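Asker: here you go, sequence then predicted model.
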Amino acid sequence: MRRLGIFFFYEKNGDVDEFITYYLRDLARNLTELIVVCNGKLSDQGRKAFSEFTDQIIVRENKGLDVWAYKTALDHYGWDRLCEFDEVVMTNSTLMGPVRPLREMFDAMAENKDLDFWGLTVHHGAEGNPFKGKHLYSYLPVHIQSHFIVYRKKFLQSRDLQTYWDKMPMIEDYNDSVQRYESVFTKQFADKGYQWDVYVKTDDLRDFTDYPLLVCPVRLLRDKKCPLFKRRSFMHDYEAYLNDTAGEPVRELYAYLRDHTDYPVDLIWKNMIRTMHPYDFTRNLGLTRLIPQQVQDPACAQKVRSERRIALAMHLYFMDMLPQSYAFAANMPPETDVFVSTNTAEKKAQIEEVFATLPVHHVTVRVVENRGRDVGAFLCDLAPQLAEYDYACFMHDKKAIQTKPGSVGASFGYVCNENVCKDADHVLNILCEFEKDPYLGLLCPPFPTHGVYFMNMCSNGWGPNFDNTKALMKKLGIDRPISGEKMPIAPFGSVFWFRVKALKPLFDYGWKHEDFPPEPLPQDGTISHAIERIYPFVAQGAGYYPAEVMSTEFAISRCDAMQAYAGGLVRPLARVFDCTTFGAAAAAAGAFASRRHFFRSYGPYSNSRRRRARNWLRDRMSPEAYKSMMRVKRTVFGPHNAPYEE
């Protein structure tokens, strides 16, 4: 059988990851010819990767999405040449796999000779049409999903198909693509009498979900011999999963791939870390580390202690907190080297006296310039001493004295210390997490949500720091996904564990204390706050991912707190708007806020027009005038007696 493959590819930088070549390697065995159409850029690496399979590579303007990429390939061949093939396969880089040979699918579908076109999977449609744009139907029809669709010779020869593609209008956006192509193609041609089918039969799941490949992928892979799965599974909005599931589909998918197939899951990790926001894939995969009370793997713990170099970096300023800092350091393994910075010779002497009995390998205390506080000391003075270590922890004596009442600031310190260094067994378990997961680069305590820090959830943890963090990423040459819509998995409070290699790009910058503003520091929006949020993106740039870490006791408290927040906010909302699902409640809240927001823009606080207006004023007003304006604003509108976040 003569078979042409059309492969559509888009990636921001034009780089081709191994999961694509893995897919094409099997697909090409079933093709006579292959043509690749790339929207936008194609790097030298990408061109070399595709050249393994074909010399037909078209790089075109990033316009028209997948529809016009396919049209470009069809036009390139022309209908006369296309009709020489028995089948034309159109697929793209949104699929991963295969987990079993694609030949099984091609051979099975070849048995049904009456088909005009066929595909891999079907979307079961919906009663209403959820997509914006020019609807051809008031509902979403049942349709073959466009990630894999095959035209037979007699279909290629039909005037209907040729006219359809010849007159295809320019596709402006995703909604336009769905409305004009993917969701309507199957029905339009079925209504004309053309025969179609899919390889993965899911009629028995019609009442279970409209999108089986995304919602129950394991059923399809295991029970229905589906050879491919969606890359989107790992980056799909977790909130969207919660409309139909308890959040388990992706964890089940990964476990199945790892334990029951030969698919190299490293290909997934490499692509996730390079291209996806960790806020998505760490939640979908449940990568938050819950640390139990006792050491879980004594052999691994012993290996770490004997074969890895471990360091603790500390910046100590408040001498009245020295006993707590000593207790923190005492939880480290005896093999640990401790590096301490402080700002005066008198404090240095106090620290050395108290730490003289610390049961660790070595303690070094240095006096450093008091500029940039703990972040400045960490990057300028402590980090250069960590280059030869494998795993390290950074902490400082967090007091949050500006937060009132004092219990709120003290509990912020508890959130950090409880989850990063609860006790000696907790520390060993954390070190084993790094040892067992070669892609883990950063473990951060969860962001605080109590008291005035509840604003963290309202601003996705950004506060006024989205623009300055993005600017710092550009300055450091870090190109990883960043969004004001998504919280960075960052060490709010600057207490965290890390793989030293993961932060090397940041450490190598050559920081100086002059890079930090002099005292008195603003409460928010400084380069220190940007650095606090850039750690996870640095780790990603180095090939690692960040995750949160919690003690099991804190995780219980956190779960109860989130249920309290949900009960306090969602219950009244659901009653007012008669909502029955999370998605409906979120949509109702968004619509309500949009109608009443002064700037007519509802969204994350960091990206709102209100926030951008504030940043614009801050950059153009004198510091005193800006502070006066904010004092008046906070007096009238709040938050009262506290910064937005610390």
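Answerer: Structure received.
Asker: and residue 59, helix, strand or coil?
Answerer: strand (DSSP: H, G, I helix; E, B strand; the rest coil).
Asker: is it correct that it is in contact with residue 35?
Answerer: No - Residue 59 lies out of contact with residue 35 (CB atoms under 8 Å); the separation is 12.0 Å. To be clear about C-beta, it is placed using only N, CA and C from the backbone, and glycine gets the same treatment.
Asker: quick one: residue 161 from residue 209, how far?
Answerer: 30 Å (CB to CB, to the nearest Å).
Asker: sorry, slip of the keys, the one I care about is residue 567.
Answerer: 28 Å.
Asker: got it, and residue 350?
Answerer: Going from residue 350 to residue 209 by CB to CB gives 63 Å.
Asker: residue 174 now?
Answerer: 21 Å.
Asker: what does residue 232 give?
Answerer: Going from residue 232 to residue 209 by CB to CB gives 15 Å.
Asker: can you check residue 37 too?
Answerer: From residue 37 to residue 209 the distance is 31 Å (CB to CB).
Asker: what's the answer for residue 51, then?
Answerer: 39 Å.
Asker: so for the two, which sits in the more crowded spot?
Answerer: residue 209 (18 against 11; other CB atoms under 10 Å).
Asker: I'd say that one and residue 215 touch.
Answerer: Yes - contact criterion CB under 8 Å: residue 209 and residue 215 qualify, at 4.0 Å.
Asker: residues in contact with both of the two, list them for me.
Answerer: Residues touching both residue 209 and residue 215 comprise residue 244, with contact defined as CB atoms under 8 Å, 6 or more residues apart in numbering.
Asker: tell me the contacts of the residue lying closest to residue 490 once chain neighbours are set aside?
Answerer: Using CB to CB, 6 or more residues apart in numbering and skipping the chain neighbours, the partner closest in space to residue 490 is residue 533 (4.6 Å). By CB under 8 Å, 6+ apart, the contact list for residue 533 reads 461-462, 465, 469, 488, 490.
Asker: what about residue 533, helix or strand, and which?
Answerer: Using DSSP states H and E, residue 533 maps to helix 527-541.
Asker: need the contact partners of the helix or strand just after that helix.
Answerer: Counting by DSSP H and E, the next helix or strand C-terminal to helix 527-541 is strand 545-551. The list of residues contacting strand 545-551 from outside it, by CB under 8 Å, 6+ apart, reads 269, 272-273, 278, 281-282, 287-291, 293, 418-420, 422, 426, 430, 433, 439-446, 489-490, 497, 535-536, 539-540, 558.
Asker: which residues of this structure score low on pLDDT?
Answerer: Within the chain, the segments meeting pLDDT under 70 span 130-135, 400-404, 457, 592-612, 614-615, 619, 634-646.
Asker: could you count how many residues lie near residue 192?
Answerer: 12.
Asker: and the closest residue to it other than its chain neighbours, what does it touch?
Answerer: In this structure, residue 192 finds its nearest non-sequential neighbour in residue 160, 5.8 Å apart by CB to CB, 6+ apart. Residues in contact with residue 160, defined by CB under 8 Å, 6+ apart, are 189, 192, 194.
Asker: buried ones in the helix or strand hosting residue 160, by neighbour count?
Answerer: Element membership of residue 160 [criterion: DSSP H and E] is helix 159-166. Under the neighbour-count criterion of 16 or more other CB atoms under 10 Å, helix 159-166 has 161-162 buried.
Asker: contact partners for residue 5?
Answerer: Neighbouring residues of residue 5 by CB under 8 Å, 6+ apart: 27-28, 30-31, 33-35, 88-89, 91.
Asker: just these: which are in helices?
Answerer: Counted as lying in helices by DSSP state H, out of the contacts of residue 5, are 27-28.
Asker: distance to residue 44 added to the contacts of residue 5, as CSV?
Answerer: Below are these laid out as CSV (distance: CB to CB, whole Å):
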residue, distance to residue 44
27, 23
28, 21
30, 28
31, 25
33, 24
34, 20
35, 20
88, 29
89, 27
91, 24
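Asker: between the contacts of residue 5, identify the one with the most neighbours.
Answerer: Ranked by neighbour count (other CB under 10 Å), these have residue 88 at the top, with 25 neighbours.
Asker: run through the bridge partners of it.
Answerer: According to DSSP bridges, residue 4, residue 151 are recorded as the beta-bridge partners of residue 88.
Asker: gap between it and residue 79?
Answerer: When residue 88 is compared with residue 79 (using CB to CB), they lie 11 Å apart.
Asker: any shared contact partners between the two?
Answerer: residue 156.
Asker: does residue 112 count as helix, strand or coil?
Answerer: coil.
Asker: state the distance from it to residue 198.
Answerer: Between residue 112 and residue 198 the computed distance is 11 Å (CB to CB).
Asker: what do these two both touch?
Answerer: Counting by CB under 8 Å, 6+ apart, the shared contacts of residue 112 and residue 198 are residue 118.
Asker: settle it for me: which of those two has more neighbours?
Answerer: residue 198 (20 against 12).
Asker: correct me if wrong: the more buried one contacts residue 121.
Answerer: Yes - between residue 198 and residue 121 there is a contact at 5.8 Å, judged by CB under 8 Å.
Asker: what touches both of these two?
Answerer: Both residue 198 and residue 121 are contacted by residue 144, under the criterion CB under 8 Å, 6+ apart.
Asker: sorry, back to before: now the helix holding residue 533: how far from the chain's centre is it?
Answerer: Distance of helix 527-541 from the chain centroid (CA atoms, centre = their mean, to the nearest Å) equals 14 Å.
Asker: strand 545-551 and that one, what's the angle between them?
Answerer: On the basis of axes from the mean of the first three to the mean of the last three CA atoms, to 10 degrees, helix 527-541 is oriented at 110 degrees to strand 545-551.
Asker: residues contacting residue 234?
Answerer: Contacts of residue 234 by CB under 8 Å, 6+ apart are 250, 268, 272, 276, 280-281, 284-285.
Asker: could you dump those to JSON lines with distance to residue 305?
Answerer: Shown next, in JSON lines, are the contacts of residue 234 (distance: CB to CB, whole Å):
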{"residue": "250", "distance to residue 305": "34"}
{"residue": "268", "distance to residue 305": "31"}
{"residue": "272", "distance to residue 305": "31"}
{"residue": "276", "distance to residue 305": "34"}
{"residue": "280", "distance to residue 305": "35"}
{"residue": "281", "distance to residue 305": "31"}
{"residue": "284", "distance to residue 305": "33"}
{"residue": "285", "distance to residue 305": "29"}
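Asker: ok, of the residues you listed, which one's closest to residue 632?
Answerer: Checking these against residue 632 with CB to CB, the nearest one is residue 280 at 39.0 Å.
Asker: can you tell me the element the closest one falls in?
Answerer: Going by DSSP H and E, residue 280 is part of helix 278-284.
Asker: who's in contact with that helix?
Answerer: Counting by CB under 8 Å, 6+ apart, 233-238, 241, 247, 250-251, 272, 287-288, 483, 486-489, 536, 540, 545-548 sit against helix 278-284.
Asker: can you name the next helix or strand after it?
Answerer: strand 289-291.
Asker: quick one: residues contacting residue 150.
Answerer: 87-90, 109, 117-119.
Asker: can you do 10 Å?
Answerer: 3, 5, 87-91, 105-106, 109, 115-120, 144, 196, 199 (CB atoms under 10 Å, 6 or more residues apart in numbering).
Asker: from the residues you listed, which land in strands?
Answerer: Under the assignment DSSP state E, these contribute 3, 5, 87-91, 117-119, 144, 196 to strands.
Asker: in CSV: those, plus distance to residue 45.
Answerer: Shown next, in CSV, are the ones in strands among the contacts of residue 150 (distance: CB to CB, whole Å):
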residue, distance to residue 45
3, 28
5, 21
87, 31
88, 28
89, 25
90, 25
91, 21
117, 34
118, 34
119, 31
144, 33
196, 38
